[in-house]
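S.K.: Quick one: sequence and predicted model below, then my questions.
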Amino acid sequence: MGFHVDLPDVVRFALRRLQNAGFSAYVVGGCVRDSLRGRKPADWDVTTSAHPSEIQNVFSDEQVIKTGIQHGTVTLVKNQMPIEITTYRQEGNYSDFRRPDTVEFVNDIREDLKRRDFTINAMAYSPQTGLLDLFGGFSDLQNGILRAVGKPGERFEEDALRIMRCLRFAAVFSFSIEEATGAALLEKKKLLGYISAERIYIEIKKMMTALAPGEIMTQFFPVLEEIFSAAVQTDLTFMNRLESDLILRLTAFFCGIYAKEKRIEYTKRALDSLKTEKKIKNKVLQLTEAVNRQLPTEIYSIRKELSRMGEEQFARWVNIKEILENVPVTDVLRNFKKIKREKLCYCIKDLKVDGNDLMKDGNTGTEIGWNLRFLLDSVMAGRVNNQKEDLLQYLHQQKKDWNK
């Protein structure tokens, strides 16, 4: 076939060195797929008839790391570029629905390609022989179809994480899932119980930030429901209109599938079960709580929320309320932009006094922080100008009033 893949010099070197030593060798998998899509691959994988010890001998004068040598993989590092080189192999049973119990090295790349997950990931290429496409991967790539290699049910039983990878690929590439593959996804969804929360979370994150995940997530919601129980709503197409931001999309997802009165409880439960990073979890929960409230429209109220949430979170709040609940946001955005344009104070750090100023003025201990917050609220409410002398004088007067 007359296909050309633009290979980096280091990859060409690796293929040529293996072939000159009498072994067959190809680039394989995602790097071939991405190249044929006109995308720059994030990394390059080589597959070869050479066994791990033979690979090490071929590159004895180069830096080689025994990455996963028991499974046939070593990593060549040249010019600071790592390339995984793996021996053609067949795999035994998958008793844990994740990893093969045994691996057998073979000499025929065709046997190796049969074990791969999807047709678009089961293509191999070398400059000498061109594209090796046994399962119609290029056609599926052109037509935007995600299809399992061989029998879909068997592929998902071998590695249940492929269920999530299938959804993720479909969302990221905006591909449709072939009918038999989709049916197997639904049939085998309970196998996700064998997959670690951390691995599922990685796939969820990539799905959430895809260009347009809504259709796939809606169509195959029963698979996601296996992970996120107690859902009451399944139309998630609105997510396509949200910015591709992890915190925003996660919040929108949970607000979309959970009843309002249970949102915070179930969202926290879901984030905990996925072992979500604390920083992400806290922001999602903060935003979920905010979604249950009305957006402020007046400048003072907006400044108070900005002080509490920060600009980034506030912008997410506006975005999700507009898209999820069709809330009018014209007034909110106009005043939000006015606050930013006129640099109106809403943070303690923006005050023209700081803790040292208050300490010099006789304030001590915890009253310093309390008074700074009081001054910030007074500035935001328009009761005092954000000028050092005005702030200190205003605080003196307030203290007199408090002590009466």
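M.R.: Cool, got the structure.

S.K.: which residues does the closest residue to residue 172 other than its chain neighbours contact?
M.R.: Counting by Cβ to Cβ, 6 or more residues apart in numbering, residue 210 is the residue found nearest to residue 172 once chain neighbours are left out, at 4.4 Å. To be clear about C-beta, it is placed using only N, CA and C from the backbone, and glycine gets the same treatment. With contact set as Cβ atoms under 8 Å, 6 or more residues apart in numbering, residue 210 has these partners: 168, 171, 172, 174, 244.

S.K.: ok, so what distance separates residue 210 from residue 161?
M.R.: In this structure, residue 210 and residue 161 are separated by 17 Å, where distance is defined by Cβ to Cβ, to the nearest Å.

S.K.: Report the contact partners of residue 352.
M.R.: The contact partners of residue 352, taken as Cβ under 8 Å, 6+ apart, are 386, 387, 388, 391.

S.K.: ok, the least confident helix or strand in the chain by mean pLDDT: who's next to it in the sheet?
M.R.: One helix or strand of the chain scores below all others by mean pLDDT, DSSP states H and E: strand 89-91, with a mean of 83. Looking at strand 89-91 with DSSP bridges, its paired strands and their directions are strand 103-105 (antiparallel).

S.K.: Could you pull up the mean pLDDT of the partner strand?
M.R.: Within the predicted structure, the mean pLDDT of strand 103-105 is 85.

S.K.: What's the first helix or strand after it?
M.R.: Following the chain from strand 103-105 toward its C-terminal end, the next helix or strand by DSSP states H and E is helix 109-114.

S.K.: Which positions within that following helix qualify as buried?
M.R.: Judged by neighbour count (16 or more other Cβ atoms under 10 Å), helix 109-114 contains these buried residues: 109, 112, 113.

S.K.: need those in JSON lines with pLDDT and distance to residue 149, can you?
M.R.: Shown next, in JSON lines, are the buried residues of helix 109-114 (pLDDT from 0 to 100; distance: Cβ to Cβ, whole Å):
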{"residue": "109", "pLDDT": "96", "distance to residue 149": "14"}
{"residue": "112", "pLDDT": "94", "distance to residue 149": "11"}
{"residue": "113", "pLDDT": "96", "distance to residue 149": "8"}
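
S.K.: about what we covered before: of the contacts of residue 210, which count as buried by neighbour count?
M.R.: Neighbour-count burial (16+ other Cβ under 10 Å) is assigned, among those, to 168, 171, 172.

S.K.: The stretch 151-300 of the chain: strands as residue ranges?
M.R.: Remark: strands assigned in the stretch 151-300 of the chain by DSSP state E, counting those that start in this stretch are 176-177.

S.K.: how about the helices in it?
M.R.: Read by DSSP state H, counting those that start in this stretch, the stretch 151-300 of the chain holds these helices, from start to end of the chain: 152-158, 161-173, 179-187, 197-208, 214-219, 221-225, 246-257, 263-273, 278-291, 299-309.

S.K.: taking the contacts of residue 352 as a set, which two sit the farthest apart in space?
M.R.: Comparing every pair within the contacts of residue 352 by Cβ to Cβ identifies 386 and 388 as the most remote, at 8.8 Å.

S.K.: hang on, the earlier thing: in JSON lines, list the helices of the stretch 151-300 of the chain along with mean pLDDT and distance to residue 380.
M.R.: Listed next are the helices of the stretch 151-300 of the chain as JSON lines, based on pLDDT from 0 to 100; distance: least, Cβ to Cβ, whole Å:
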{"stretch": "helix 152-158", "mean pLDDT": "95", "distance to residue 380": "55"}
{"stretch": "helix 161-173", "mean pLDDT": "96", "distance to residue 380": "41"}
{"stretch": "helix 179-187", "mean pLDDT": "97", "distance to residue 380": "51"}
{"stretch": "helix 197-208", "mean pLDDT": "95", "distance to residue 380": "34"}
{"stretch": "helix 214-219", "mean pLDDT": "94", "distance to residue 380": "38"}
{"stretch": "helix 221-225", "mean pLDDT": "92", "distance to residue 380": "42"}
{"stretch": "helix 246-257", "mean pLDDT": "95", "distance to residue 380": "25"}
{"stretch": "helix 263-273", "mean pLDDT": "95", "distance to residue 380": "27"}
{"stretch": "helix 278-291", "mean pLDDT": "97", "distance to residue 380": "18"}
{"stretch": "helix 299-309", "mean pLDDT": "95", "distance to residue 380": "4"}
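
S.K.: Kindly reformat the ones you listed as TSV and extend each row with distance to residue 119.
M.R.: As requested, the helices of the stretch 151-300 of the chain are arranged in TSV below (distance: least, Cβ to Cβ, whole Å):
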stretch	distance to residue 119
helix 152-158	11
helix 161-173	11
helix 179-187	10
helix 197-208	19
helix 214-219	18
helix 221-225	20
helix 246-257	28
helix 263-273	33
helix 278-291	34
helix 299-309	46
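
S.K.: Does residue 220 touch residue 187 like I think?
M.R.: No - with the criterion set as Cβ atoms under 8 Å, residue 220 and residue 187 do not qualify as a contacting pair; they are 11.9 Å apart.

S.K.: Of those two, which one has the most company?
M.R.: Just comparing residue 220 and residue 187: by other Cβ atoms under 10 Å the higher neighbour count belongs to residue 220, 21 against 12.

S.K.: Contacts only, for the more buried one.
M.R.: Contacts for residue 220 (Cβ under 8 Å, 6+ apart) come out as 167, 177, 182, 185, 186.

S.K.: one more time with 6 Å, if that's ok
M.R.: If a contact means Cβ atoms under 6 Å, 6 or more residues apart in numbering, then residue 220 has residue 167 as its contacts.
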